[in-house]
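1. Sharing a model prediction with you, sequence too.
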Amino acid sequence: MYEEPQSGFSFDSALEIWRRRKWLAIVIFLAVFSAVVTIVQFLPDVYRSSATVLIERQQIPDELVRSTVTSALETRLNTITQEILSRSRLEGLIERFGLYGELRSTTPIEVVMDRMRKDIRVELRSGDGRREAATVAFTVSYTGSDPQKVASVTNTLASFYIEENLKVREEQASGTSQFLSAQLEQMKKDLEAQEKRVSDYKTRFLGQLPHQQEGNLMALEQLNETLRLNADKQIRAGERGAALQKELAEIEANRKGPDTTAGRIAELREELRKLRKEYSDQYPDVIRVKAEITDLVEQLRLASPDSVAGAADNGPDARTLQLKNAIADATSELKALKAEEQRLRGTSGSYQSKVENAPLREQEYQVLMRDYDTTKDLYNSLLQRQKEAELAESMEQRQKGEQFRVIDPAFPSQQPTAPNRERLILIGFALSLGLAVGAVLLSEQINTSFHTLDALRTSVQVPVLVSIPQIVTPGDRRRKTLRFSVATVSVLVGLVIIVGSSYYVAAGNERLVQMLPK
């Protein structure tokens with residue numbers, strides 16, 4: 001009787017597949033799981049130690065001393081990290097603590113240093129845990145196989161950060177102070193040159209400077225007033241002299257004979273008096289005048305003895321002498337006034353020239369003073385900044401600026417941080433089971449032979465009349481037992497090879513530990 005073929009996947013078909021492929025699944029599961037377990041068990045323990053470094057802000061208020069280290073903390077930390085991770089520093093640490101002994105024996109030192117850079121980690125910490133908040137501390141950690149060495153290396157790295165931060169801050173503060181000192185010295189020379197130019201200009205154009213303009217105008221006005229008064233005095237002196245000359249001419253016109261001789265004697269005696277003030281009686285002019293006086297007196301005596309007595313006793317006419325003296329004084333005064341007028345006019349011309357040149361001098365002076373004031377302002381600004389830089393440098397040298405301080409030093413870890421063997425074994429178990437199931441399904445897909453009547457009926461259109469079960473002979477049983485024995489031995493040998501290879505891969509392989517999930 002014809003039966004409809006059953007299609008679809010059922011529990012019975014799953015059991016049938018398990019019966020056919022169970023050894024394949026068992027072998028694959030054992031091979032993978034034994035490899036995973038071996039690797040996990042023989043992986044080296046990796047320890048991590050961390051040291052927390054607190055960032056202490058500047059101890060002196062910014063209002064009193066402003067720091068010259070203006071770079072951002074994160075930027076400075078990155079710079080310090082690059083310095084610490086340099087070849088010289090890492091090579092010194094490797095030699096000092098004897099790190100990566102096996103790796104150094106098989107690989108170049110550059111590879112070893114790259115490995116150490118990966119084992120060092122720096123993490124920033126903010127005050128409230130937010131990323132954008134200010135950094136108040138950072139953590140330095142190191143990973144290695146020896147917990148004692150790991151803690152020592154971590155503490156050494158933390159001390160490097162502290163020392164390097166002090167060094168960087170002092171160098172920046174000192175460099176800023178030296179730069180400002182050099183700029184200040186150059187600016188001082190420029191200022192002195194500007195001051196000399198201003199001084200030379202003031203000396204060259206003394207009296208023509210803008211701030212002297214008002215004084216020049218006042219002096220010019222006073223000189224003009226003095227010239228006016230001088231002109232009035234000259235007029236009065238001239239008029240007085242003319243009047244005196246007229247009066248003297250009238251007196252001399254009315255005088256006759258002995259009076260004329262007596263007047264001459266009076267003139268000669270006045271001349272003699274003046275000569276005696278400067279010369280002795282032996283001077284030729286004095287002798288000549290005395291002789292002339294004697295002759296005139298003798299002539300006057302012969303002409304009129306009474307006149308001689310009057311001339312000898314009373315001297316020259318008092319009014320005539322008075323007039324002559326007044327005329328001489330007026331002449332001297334007029335001469336002095338004219339000389340004073342010339343001097344005043346020369347001085348007035350000088351002041352007038354200064355007043356006329358004042359606009360040009362003012363423009364030149366403003367240009368000169370603008371350059372001088374600019375240079376002076378720059379100098380004063382640099383001087384103030386240089387003083388501030390010196391204070392900042394002193395603050396850094398006294399370690400009163402921003403500092404790093406270890407608040408949580410590294411200690412040897414009691415438990416390894418990696419590998420997480422329990423988790424890895426669970427992952428390995430799931431992986432082994434998945435691979436076994438996948439291998440069974442793949443084998444079923446590759447093997448297209450029919451194992452059941454239902455599979456045959458599903459694939460062909462003709463009816464299946466009868467099925468003949470497999471007839472197992474004793475020879476088949478022996479061959480099957482032999483194949484099973486050979487397969488078992490092969491599997492055991494394969495497991496041994498897998499376990500040995502896994503041990504070779506896992507033993508001391510810290511790099512593999514870092515690649516595995518934590």
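-> Cool, got the structure. As the structure is a prediction and not an experimental result, all values here were calculated from the model.
2. Which of the residues in stretch 197-212 are classified as buried?
-> Within stretch 197-212, the residues scored as buried using 16 or more other C-beta atoms under 10 Å are Tyr201, Phe205, Gly207, Gln208, Leu209, Gln212. All C-beta spots, glycine's among them, are computed from the backbone N, C-alpha and C.
3. I'd like to know how far the last one sits from Glu221.
-> So the one you mean is Gln212. Counting by C-beta to C-beta, to the nearest Å, the separation of Gln212 from Glu221 is 15 Å.
4. give me phi/psi at Leu85?
-> Main-chain dihedrals, Leu85, degrees, to the nearest 10: phi -90, psi 10.
5. which residues does it contact?
-> Leu85 makes contact with Arg117, Ile120, according to C-beta atoms under 8 Å, 6 or more residues apart in numbering.
6. rerun that using 10 Å as the cut-off
-> By C-beta atoms under 10 Å, 6 or more residues apart in numbering, Leu85 lies in contact with Met113, Met116, Arg117, Ile120, Val122, Leu157, Phe160.
7. Go through the residues you listed and flag which are in helices.
-> Under the assignment DSSP state H, the contacts of Leu85 contribute Met113, Met116, Arg117, Leu157, Phe160 to helices.
8. In three-state terms, label Phe404 for me.
-> For Phe404, the secondary structure call by DSSP: H, G, I helix; E, B strand; the rest coil comes out as strand.
9. brain fart, Ala137
-> Counting by three-state DSSP, the backbone at Ala137 sits in strand.
10. so it bridges to which residues?
-> Per DSSP bridges, the residues bridged to Ala137 are Leu54, Arg125.
11. Correct me if wrong: it contacts Val122.
-> No. Contact criterion C-beta atoms under 10 Å: Ala137 and Val122 do not qualify, at 11.3 Å.
12. hey, what's in contact with both of these two?
-> Val53.
13. related to what we said a few turns ago, okay if I get the ones in helices among the contacts of Leu85 as CSV plus pLDDT, distance to Asp232 and neighbour count?
-> What follows is these, written out as CSV (pLDDT from 0 to 100; distance: C-beta to C-beta, whole Å; neighbours: other C-beta atoms under 10 Å):
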residue, pLDDT, distance to Asp232, neighbour count
Met113, 88, 107, 19
Met116, 89, 108, 21
Arg117, 89, 105, 13
Leu157, 92, 102, 22
Phe160, 90, 98, 18
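14. Nearest to Glu422 among these?
-> Relative to Glu422, the closest of the ones in helices among the contacts of Leu85 is Met116; by C-beta to C-beta it sits at 29.0 Å.
15. ok, the closest one - contacts?
-> Met116 is in contact with Leu85, Leu90, Glu91, Leu93, Ile94, Leu99, Tyr100, Leu103, Tyr142, Thr143, Gly144, Val153, counting by C-beta under 10 Å, 6+ apart.
16. repeat for Lys335
-> Lys335 makes contacts with Gln234, Ala237, as judged by C-beta under 10 Å, 6+ apart.
17. Would you mind giving the domain segments of the protein?
-> When the chain is parsed with automatic domain parsing, its domains come out as 11-44+420-515, 47-185+385-408, 211-382.
18. between those, which gets nearest to Lys196?
-> Among the domains of the chain, the nearest to Lys196 by C-beta to C-beta is domain 211-382 (10.3 Å).
19. So for the closest one, first residue to last residue, what's the gap.
-> Taking C-alpha to C-alpha, to the nearest Å as the measure, domain 211-382 stretches 30 Å from start to finish.
20. what does the helix or strand containing Gly92 rub up against?
-> Per DSSP states H and E, Gly92 falls inside helix 87-97. With contacts defined as C-beta under 10 Å, 6+ apart, helix 87-97 is touched by 83-84, 86, 99-101, 103-104, 109-110, 112-117, 120, 142, 144, 146, 148-150, 152-153, 156-157, 160, 164.
21. starting at the chain centroid, how far to the helix or strand that comes right after it?
-> Heading C-terminal from helix 87-97, the first helix or strand you meet, by DSSP H and E, is helix 101-106. Offset of helix 101-106 from its chain centre (C-alpha atoms, centre = their mean, to the nearest Å): 46 Å.
22. Sketch out the low-pLDDT regions of the stretch 201-350 of the chain for me.
-> 251-263, 300, 303-319 (pLDDT under 70).
23. would you list every one of the helices in it?
-> When assigned using DSSP state H, counting those that start in this stretch, the helices of the stretch 201-350 of the chain occupy the ranges 213-254, 258-278, 284-303, 305-314, 318-397.
24. I'd like the ones you listed as CSV, with distance to Val489 appended.
-> Listed next are these as CSV, based on distance: least, C-beta to C-beta, whole Å:
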stretch, distance to Val489
helix 213-254, 124
helix 258-278, 161
helix 284-303, 168
helix 305-314, 183
helix 318-397, 77
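25. Val46: which of those is closest?
-> helix 318-397 (39.6 Å).
26. Show me the one of the helices of the stretch 201-350 of the chain that comes nearest Ser50.
-> Closest approach to Ser50 among the helices of the stretch 201-350 of the chain is made by helix 318-397 (28.4 Å; C-beta to C-beta).
27. and the spatially most central residue of the chain, how far is that from Gly346?
-> Per C-alpha atoms, centre = their mean, the C-alpha nearest to the average position across the chain is that of Thr176, at 6.1 Å. For Thr176, the distance to Gly346 (C-beta to C-beta) stands at 61 Å.
28. cool, and Ser332?
-> In this view, Ser332 and Gly346 are 21 Å apart by C-beta to C-beta.
29. Next, count neighbours for Ala25.
-> By other C-beta atoms under 10 Å, 20 other residues sit near Ala25.
30. and if you look at the one 5 residues further on?
-> Here the count is done by other C-beta under 10 Å, and Leu30 has 17 residues near it.
31. before we move on, the earlier item: any of the contacts of Met116 buried? List them.
-> Using 16+ other C-beta under 10 Å as the burial test, the contacts of Met116 include Leu85, Leu90, Leu93, Ile94, Leu99, Tyr100, Leu103, Tyr142, Thr143, Gly144, Val153 as buried.
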